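S.K.: pasting the structure only:
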């Protein structure tokens, strides 16, 4: 019998408890033993649930109950989650979490503590909600050297972009719709500014490349400046705009990591991931490209990943020594401006036909894009691959008074 | 130190040995110990390889070497693979295999023997090549009740269909091209008649639903009768034709399982899986739809799945009790003709405009499809969902001398 506790009875936490009741038979058969939720920690009261007697407001009760071997932390945020998880691991209890902020900020430290105390710290639910991604990447791709990860990791922004692409809805209107449908929070900054995607790509990159990638070392751009004009030029180019979290091992062993909107060709598997769905592409030297797709958030998808981790802990009689990475000083991540990308540029200039000529004098391989109702003073180009610092110099040379760079978006080739 | 043996030095077997050399550091770090290929079994000589000294022609040497704890069976076929694997498990050695024929025919028996002898029998590489699918389905989706699996599981047929859809190439020409590129064998029957897909959906269904699904209980249609006319009507309907392996739990606990070409809507994740790629959709009650995508075959993709299984065996100090299913008498799979589907029908009739009227008199909800250059005596319809036995009765009633049913394809809604 494994007795477990759930920290937090919000959306995911209530989903975890409900799944334990709904799929009890299947869960216990997979775990090879009975499993029971003994405690649910929440500061609120839930008097009318069938399991109301399991609630406690006192974390110490859980920490000091020797019967509890596994705890699910589904509160979110760093405080008090970090202190709770750290104490639990130090008390010899395994922890599973859906908290991407916690894993992205403290993963190396918590994995180290777990190892020291011979317990497990699992976090499948922290990336991609119900899509199995952490464990397949770690385990099934164990025979591969992973060279690159690129993912659509945030459902809110992907929903907004899908509305912009398929329904010609403006950013503000699409955001409002996402809020009305409950996909975006009242304060949507963490999603639309790319921070949520950043945490997730940090977790995947840490696991794939073996040393902790901290969010503050990763260049992060959101989608707030994208317009329907950019969507139209992307279509002319032959693709769509997606918010991508990406990490790639460079030949010298350093990492290029970033979160940014990108042009993705329409035939790519990533281009067809729409609405609130997530998808992650993993490039391995033996497998080639593998893509995982599904619902990246939501009560039951996320809860199912949490419960699967709890089953795995219940089954394990040892500590996973390989689901682990080293701490780092962040120096392994290079300045993104030094990494070559092909860029889409949208500019305005009153210079008429002499403007494209000026662009092509500086960047001979630049290709022009067009859209319906394109104003006479608007121009769009695709550049060959070059580091952004070089592009910036070329733009300094190009732009005269009255000229302006309106948008610059990276182009990825998947 | 784990000493391993590889049975068979064909495409996959040589890939396994090469991966052990190429990614030695990463493999051993994941396995937590050194790993070494001690024997390679093959009846042929390979005198000029860096590891020529590892070859043996004598299976007994491997069977009786107490140092060997893990064996990869990558010979394919049932004989002698079945006898070898059975003996190895009985001698207390764990086995991993890429052999879908073996697992589809003998999985329940071999899993049972493995369990009895406290060893593991893993088969990630038997479905989807390098795509992690068996283990994520088993492990990460443990908290889900799986209701349905649908996959594009054969790269050869998917390549042929992709050529028919995107390049208007006829079936024969596309098959010839697949053979020239090495995607199809000289005798392509196992692929194009659907048998390969059938073995793979049997393995997935056995794992998902807990009792062995035998290939001879699963209705299997190939793609040899498909024409460019059908492709054109599918486009008018709003989708593409894919060869799908599918298994679904029915409300009474029985299974509907089948392999058949199907209309798939163009917005579906399965519609965009092209060329030799595979994709599998798993529908869980908590996760919703999850899709796994990647190269379903090939030397290194498949070898990487074999090696990952070997790493897992090396790490495991216990037998996996839940990667297992019961044997069955096959009665859990219902006659596919009793399961309702929506159908596409292409017919010829000299009856002119009275023919569609006759169809609609029998099937009022039937929708008509059209194509370019449609002959005056050709008709195409989409029916509402009905069991095929009912459809057959309606067609018996409809068809008069001179009328003929040319094609009938199921329509799936993913």
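M.R.: Yep, that arrived. These numbers were taken from a predicted model, which means no experiment stands behind them.
S.K.: for residue A:143, what are its contacts?
M.R.: Residues near residue A:143 by Cβ atoms under 8 Å, 6 or more residues apart in numbering or on different chains: A:286, B:19, B:23, B:26-27, B:303-308, B:311. Just so you know, the C-beta spots here come from the backbone N, C-alpha and C atoms, and that holds for glycine as well.
S.K.: Next: residue A:297.
M.R.: Contacts of residue A:297 by Cβ under 8 Å, 6+ apart are A:129, A:155, A:276, A:278.
S.K.: Point out the ones among those residues that are inside strands.
M.R.: residue A:278 (DSSP state E).
S.K.: Let me know the closest of the contacts of residue A:297 to residue B:205.
M.R.: If you rank these by distance to residue B:205 using Cβ to Cβ, residue A:129 comes first, at 25.3 Å.
S.K.: Backbone dihedrals for the closest one, please?
M.R.: The phi/psi pair for residue A:129 (degrees, to the nearest 10) reads phi 50, psi -120.
S.K.: and it, how far is that from residue A:294?
M.R.: In this view, residue A:129 and residue A:294 are 7 Å apart by Cβ to Cβ, to the nearest Å.
S.K.: where do the contact lists of the two overlap?
M.R.: Residues touching both residue A:129 and residue A:294 (Cβ under 8 Å, 6+ apart) are A:278, A:301, B:287.
S.K.: circling back to that earlier point, just the contacts of residue A:143: which has the poorest pLDDT?
M.R.: Lowest pLDDT of the contacts of residue A:143: residue B:26, 86.
S.K.: Skipping its backbone neighbours, what lies nearest that one in space?
M.R.: Spatial nearest neighbour of residue B:26, chain neighbours left out: residue A:145 (5.8 Å); criterion: Cβ to Cβ, 6 or more residues apart in numbering or on different chains.
S.K.: who's in contact with the one you found?
M.R.: Residues near residue A:145 by Cβ under 8 Å, 6+ apart: A:284-285, B:23, B:26.
S.K.: For residue B:165, see how far away it is.
M.R.: According to Cβ to Cβ, residue A:145 and residue B:165 sit 34 Å apart.
S.K.: and what of residue A:31?
M.R.: From residue A:31 across to residue B:165, the span is 44 Å (Cβ to Cβ).
S.K.: Next: residue A:140.
M.R.: Applying Cβ to Cβ to residue A:140 and residue B:165 gives a distance of 30 Å.
S.K.: Residue A:257 bridge partners, please.
M.R.: residue A:247 (DSSP bridges).
S.K.: Next up, the contacts around the closest residue to residue A:271 other than its chain neighbours.
M.R.: Among residues not flanking residue A:271 along the chain, residue A:264 sits closest, at 4.7 Å (Cβ to Cβ, 6+ apart). The contact partners of residue A:264, by Cβ under 8 Å, 6+ apart, come to A:239-242, A:244, A:270-271, A:412, A:414.
S.K.: Apply 7 Å and report the result again.
M.R.: Applying Cβ atoms under 7 Å, 6 or more residues apart in numbering or on different chains to residue A:264 gives the contacts A:239-240, A:242, A:270-271, A:412, A:414.
S.K.: Also residue A:377?
M.R.: Under the criterion of Cβ under 7 Å, 6+ apart, the neighbours of residue A:377 are A:348-350.
S.K.: follow-up on the earlier one: which of residue A:140 and residue B:165 has more neighbours?
M.R.: Higher neighbour count among residue A:140 and residue B:165: residue A:140, with 30 against 21, using other Cβ atoms under 10 Å in any protein chain shown.
S.K.: and of the contacts of residue A:264, the nearest to residue A:332?
M.R.: Using Cβ to Cβ, those come closest to residue A:332 at residue A:412, 21.4 Å.
S.K.: Pretty sure the closest one sits against residue A:244.
M.R.: Yes - taking Cβ atoms under 7 Å as the definition, residue A:412 is a contact partner of residue A:244 at 6.4 Å.
S.K.: Overlap in contacts, these two.
M.R.: With Cβ under 7 Å, 6+ apart, residue A:412 and residue A:244 have common neighbours A:150, A:262.
S.K.: between these two, who's got more neighbours?
M.R.: residue A:244 (24 against 19).
S.K.: can I assume the more buried one sits in a strand?
M.R.: Yes - according to DSSP: H, G, I helix; E, B strand; the rest coil, residue A:244 belongs to a strand.
S.K.: Would you enumerate the residues in contact with the nearest residue to it once chain neighbours are set aside?
M.R.: Nearest non-adjacent residue to residue A:244, counting by Cβ to Cβ, 6+ apart: residue A:262, 4.6 Å away. Residue A:262 sits next to A:242, A:244, A:409-412 when contact means Cβ under 7 Å, 6+ apart.
S.K.: Neighbours of the closest residue in space to residue A:141 that isn't next to it in sequence, how many?
M.R.: Leaving out its chain neighbours, the residue that sits closest to residue A:141 by Cβ to Cβ, 6+ apart is residue A:284, at 5.4 Å. Using other Cβ under 10 Å, residue A:284 is surrounded by 25 other residues.
S.K.: again, but for the one 5 residues further on
M.R.: Other residues near residue A:289 number 20, with proximity taken as other Cβ under 10 Å.
S.K.: is it in a bridge, and if so with what?
M.R.: On the basis of DSSP bridges, residue A:289 is bridged to residue A:283.
S.K.: Let me know whether it touches residue B:294 as I believe.
M.R.: Yes - at 6.3 Å, residue A:289 counts as touching residue B:294 under the criterion of Cβ under 7 Å.
S.K.: Provide a list of residues in contact with residue A:382.
M.R.: Residue A:382 makes contacts with A:237, A:342, A:344, A:366-367, A:369, A:411, as judged by Cβ under 7 Å, 6+ apart.
S.K.: Write the ChimeraX selection for whichever of the contacts of residue A:377 are buried.
M.R.: Buried subset of these, written as a ChimeraX selection, criterion 16 or more other Cβ atoms under 10 Å in any protein chain shown:
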select /A:349
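S.K.: Inside strands: which ones of the contacts of residue A:377?
M.R.: Using DSSP E, those in strands are residue A:348.
S.K.: Go through the contacts of residue A:377 and say which is closest to residue B:325.
M.R.: Nearest to residue B:325 among the contacts of residue A:377: residue A:348, at 64.0 Å, using Cβ to Cβ.
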